[in-house]
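> Okay, sequence plus prediction incoming.
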Amino acid sequence: MTMKHFLFFLVLLLFLKTPHAFALGRFAVGPELGFVYQTHRDPTGGKLQGAPGVEFGIGGVYQFDRLLSHLAIDYAVGLVQTSPFTYRDIQIEGANGTFRENVFALHWLLGGRYYFGKRKWQPYGGVAVGFQYFRRQNISYRDRFNGALPIPPVSSSFNLALVPSIGLEYRPTFRWAIGLALKPFFSFRRTGVVPAIQVPLSIQITF
């Protein structure tokens with residue numbers, strides 16, 4: 001065997017032994033489920049309240065190969081359902097009372113990640129942009145004596161969203177991975193920013 005052949009097989013062996021190399025250049029997709037602390041604004045836009053909730057959806061990544069192996073495309077679609085929101089001392093159309101509602105939110109996101117390693121444990125940071133749709137439901141509006149007030153006209157909203165993230169991904173084999181992330185979520189509307197915090201747990205299957 002010549003030195004050229006020896007070096008070729010050595011490089012090939014090192015490539016095959018490179019941690020996580022078998023998972024690069026592939027799509028991964030799977031379910032997400034997590035905790036959310038979501039805020040929302042009353043119909044006038046003047047008051048901001050928060051409520052806990054849950055987020056579930058589908059997300060995944062495409063991690064590039066070779067020289068770009070630290071980079072990945074991030075994509076996600078998710079639903080958020082919260083506990084009821086309560087806004088007190090709200091003035092709407094001349095009436096003053098307590099406004100209560102539930103909020104249903106749907107988001108679509110596309111972004112990028114940077115992985116800080118190529119081992120089974122992979123910390124990463126990223127940012128995504130997209131859209132978030134809010135829908136108000138189970139609305140009530142009552143005065144201080146708990147008397148019913150006329151329900152004000154309310155509308156759903158469709159907003160731009162910006163979502164930075166940090167996370168940790170564990171990939172024991174090339175077939176699947178489990179990840180945990182922290183995502184500050186900023187939804188922009190004309191009455192102001194609507195922030196949230198999402199902590200999703202994800203499982204991804206590689207194809």
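Okay, I see it. Residues are numbered from 1 along each chain as shown.

> Isn't E93 up against P152?
Yes. Taking contacts as C-beta atoms under 8 Å, E93 lies within contact range of P152: 5.9 Å. The way it works is simple: take the backbone N, C-alpha and C, and place the C-beta from them, glycine included.

> Neighbour count for the two, which is higher?
The residue with more neighbours, out of E93 and P152, is P152; 15 against 11, by other C-beta atoms under 10 Å.

> Give me the nearest residue to that one, chain neighbours excluded.
Once flanking residues are discounted, P152 sits nearest to I92: 4.4 Å by C-beta to C-beta, 6 or more residues apart in numbering.

> Tell me how many other residues surround that neighbour.
I92 - counted by other C-beta under 10 Å - has 19 other residues nearby.

> Verify the contact between A28 and I73 for me.
No. In this structure, A28 is not within contact of I73 by C-beta under 8 Å, at 10.6 Å.

> Of those two, which one has the most company?
A28 (24 against 16).

> Quickly list what the residue nearest to P152 is bridged to.
A95 (DSSP bridges).

> I'd like the distance between it and H107.
To H107, I92 is 28 Å away according to C-beta to C-beta, to the nearest Å.

> what's the answer for V194, then?
Applying C-beta to C-beta to V194 and H107 gives a distance of 12 Å.

> Then Q198?
From Q198 to H107 the distance is 9 Å (C-beta to C-beta).

> cool, T44 as well?
On the measure of C-beta to C-beta, T44 and H107 end up 24 Å apart.

> Those two: which has the busier surroundings?
For T44 versus H107, neighbours defined as other C-beta under 10 Å are more numerous around H107 (24 against 14).

> Can you tell me the element the more buried one falls in?
strand 95-115 (DSSP states H and E).

> Verify the stated contact: R171 with Q122.
Yes. With contact defined as C-beta under 8 Å, R171 counts as touching Q122 (6.8 Å).

> Show me the helices in the protein, by range?
For the chain, the helices defined by DSSP state H cover 3-17.

> what about it, any weak spots by pLDDT?
Residues of the chain that meet the criterion pLDDT under 70 lie in 1-23.

> Please enumerate the strands of this structure.
26-41, 48-63, 71-82, 85-92, 95-115, 121-142, 157-170, 176-189, 192-206 (DSSP state E).

> List the buried residues of the third one.
For strand 71-82, a neighbour-count test (16 or more other C-beta atoms under 10 Å) marks 72-76, 78, 80, 82 as buried.

> now the fourth one
For strand 85-92, burial by neighbour count (16+ other C-beta under 10 Å) applies to 85, 87, 90, 92.

> Contacts for it next, please.
If you take C-beta atoms under 8 Å, 6 or more residues apart in numbering as the criterion, strand 85-92 is touched by 40, 42-44, 46-47, 49, 51, 96-103, 141, 152.

> are any of the residues you listed buried, and which?
Buried, going by 16+ other C-beta under 10 Å: 40, 42-43, 49, 51, 97-99, 101-103, 141, out of the contacts of strand 85-92.

> Great, nothing more from me.
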